[in-house]
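[1] Got a predicted structure plus its sequence, pasted below:
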Amino acid sequence: MKKENIWESVLAQIKLDISEASFNTWFKHTNISTLKNKRAVISVPNTFVRDWLQSKYNKTILKALRSLNKDIKEVQYTVNPSIQQVETPNKKRKREEENNLNQMEFQNLIIDSETGLNPKYTFENFVIGPFNELAQAAGYAVSENPGSLYNPLFIYSKTGLGKTHLLQAIGNKARKRQKKKKVYYTQAQKFISEIISSIRNNRMEDFKRRYKDVDILIIDDIQFLSGKEKTQEEFFHTFNDLYEKNKQIILSSDRPPKSISALADRLKSRFEGGMIADIDYPDTETRAAIFKSKAQEKDFFIPDDVCYYIAENIQRNIRELEGVLNKLIIQQKITKLPIDLKNIKSILKDINQTSMYSLSFNKILKTISNFYDISEKDLLGSSRKKEIVKARQIIIYFLRKELNYSYPYIGKKIGGRDHTTVIYSFSKIEKDIKRNEDIKEEVSYIKETLASA
Ligand code: ADP
Ligand code: MG
């Protein structure tokens, strides 16, 4: 059989086993490039696909290949970006956008549902500089000796400076050292909604059981516990149970414990009882180094002077640097302009002008669904539960504010609601932002996430 035909029938077999969306995402632009010396080399359009096929589908692919040609003993993957057909710029832009979405989905897919850990966050790809040295060292030490050194470990910084990355890296590293260790990473928002629904459904016992035998509990963005008394109380018990058994607790926040408002004193003093480390803003050199390393990770070459120029001009945070890099890569693919000091100014300008183009209804819906841990179905459905109504109103707020959708159109998009409801919701959130610190924080957090996704 010719190698092209072999691959075609492999794809046909695989197609039967997986969903169409998965097939289109991971297999559509693949091909067999060589087949010799018992080895099949599959060409794929990008490193994402390569990593995914390697980690998730290698066995399936090999088995399917061997069913057609017994001699094949091994599969390899090679990245060949030109695999995709020639496209018009418009089509290309659309595909890039879809690709970004797929990459977002990819990120969600690889999160381990048992631990909440995403393997992409490691110490190996965490750049260290004066701004985060202490937090990194403390985190690394904890990953090697959980429960005995610094307990709890409390990391705080402004947004986009690496808290989540560091917390996740600690969890991943600890798991790698000791497979048996039970690690559980969650965001405070998720923790809160878990408690609320456990209380509502009389399932507190289940909740307690779930947390009882965790060895390393990681809760991100703990500032969201502010003002949530019942959750704080439950968390206090969970904390004490684990602490007494020398289990490791790791927390992050956007401010030090003493500055979290409406947080019970007994929790504050618990948080202050271990190690507190902050992450500052990186200096220009470090920003340039981070930018360089991120570009390398994506196999994208950017000259040093350009990295430095970008570092000087993007001063806010690392998430924003990453956003610029992603847009730069897309832009470069479209314009084909070489990335050098001469062009970078106008490219950055273009990027700024198009910065919102990739924000879509789906992205807003997904982000808010994820943030409040409420399913998209519930958000678009008819439930009148308080927390669902609130999340829905926030979606409305973003659709109006960021996408400038008309009120009737918003109503149509979110489950066929009347435009008066939409107007009411929008102005309610606008008012709440002014008078309710919690809502203000949540909205600005969601905004940050949207801007960088
Ligand atoms: P935070 O949780 O503080 O808002 P994140 O951990 O989400 O910030 O970091 C934002 C982005 O920047 C992530 O994609 C992360 O991988 C990246 N990042 C942050 N700090 C570093 C670092 N020191 N080295 C490499 N990448 C980093
Ligand atoms: Mg974070």
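    Cool, the structure landed. Numbers count the residues shown, from 1 in each chain. Ligands and ions are numbered 1, 2, ... in the order given.
[2] Report the separation between Val324 and Leu359.
    16 Å (C-beta to C-beta, to the nearest Å). C-beta here means a position set from N, CA and C on the backbone, and glycine is covered the same way.
[3] now stretch 338-347: how far from the chain's centre is it?
    How far stretch 338-347 lies from its chain's middle: 29 Å, per C-alpha atoms, centre = their mean, to the nearest Å.
[4] picking up where we left off before, which one of Val324 and Leu359 is surrounded by more residues?
    A count of neighbours by other C-beta atoms under 10 Å puts Val324 above the other of Val324 and Leu359, at 21 against 16.
[5] That one touches Ile314, doesn't it?
    Yes - contact status for Val324 versus Ile314: in contact at 5.6 Å, counting by C-beta atoms under 8 Å.
[6] what sits against the closest residue to Val127 other than its chain neighbours?
    Setting aside the residues directly before and after it, Val127 is nearest to Ile290 in space (C-beta to C-beta, 6 or more residues apart in numbering), at 4.8 Å. Counting by C-beta atoms under 8 Å, 6 or more residues apart in numbering, Ile290 makes contact with 127, 129, 282, 318, 321.
[7] Around ligand 1, pick out the residues from the stretch 101-250 of the chain.
    For the stretch 101-250 of the chain, the contact set with ligand 1 under C-beta under 6 Å from any ligand atom comprises 125-127, 132, 157, 159-165.
[8] Can you flag the buried ones in these?
    The neighbour count (16 or more other C-beta atoms under 10 Å) marks 126-127, 132, 157, 159-165 as buried among those.
[9] sorry, back to before: taking the residues of the stretch 101-250 of the chain next to ligand 1 one by one, which sit in helices?
    163-165 (DSSP state H).
[10] Please render these as JSON lines that adds pLDDT and distance to Thr286 to the earlier fields.
    Listed next are those as JSON lines, based on pLDDT from 0 to 100; distance: C-beta to C-beta, whole Å:
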{"residue": "Lys163", "pLDDT": "97", "distance to Thr286": "16"}
{"residue": "Thr164", "pLDDT": "96", "distance to Thr286": "18"}
{"residue": "His165", "pLDDT": "96", "distance to Thr286": "15"}
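[11] Ile446 reaches Thr367, doesn't it?
    Yes - between Ile446 and Thr367 there is a contact at 6.2 Å, judged by C-beta under 8 Å.
[12] for stretch 50-67, which positions count as buried?
    In stretch 50-67, counting by 16+ other C-beta under 10 Å, buried: 50-53, 57, 61-62, 64-65.
[13] Check the burial of Asp280 by counting its neighbours.
    Asp280 sits with 15 neighbouring residues when counted by other C-beta under 10 Å.
[14] OK, contacts around it?
    Asp280 touches 130-132, 157, 161, counting by C-beta under 8 Å, 6+ apart.
[15] Please report the distance of it from ligand 1.
    To ligand 1, Asp280 is 11 Å away according to C-beta to the nearest ligand atom, to the nearest Å.
[16] Just to be sure, that residue is in a helix?
    No - secondary structure of Asp280 (DSSP: H, G, I helix; E, B strand; the rest coil): coil, not part of a helix.
[17] thinking again about what came up before, is it possible to get a markdown table of the contacts of Asp280 that adds distance to Gly274 and pLDDT?
    Listed next are those as a markdown table, based on distance: C-beta to C-beta, whole Å; pLDDT from 0 to 100:
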| residue | distance to Gly274 | pLDDT |
| --- | --- | --- |
| Pro130 | 23 | 90 |
| Phe131 | 21 | 93 |
| Asn132 | 18 | 95 |
| Ser157 | 17 | 96 |
| Leu161 | 20 | 95 |
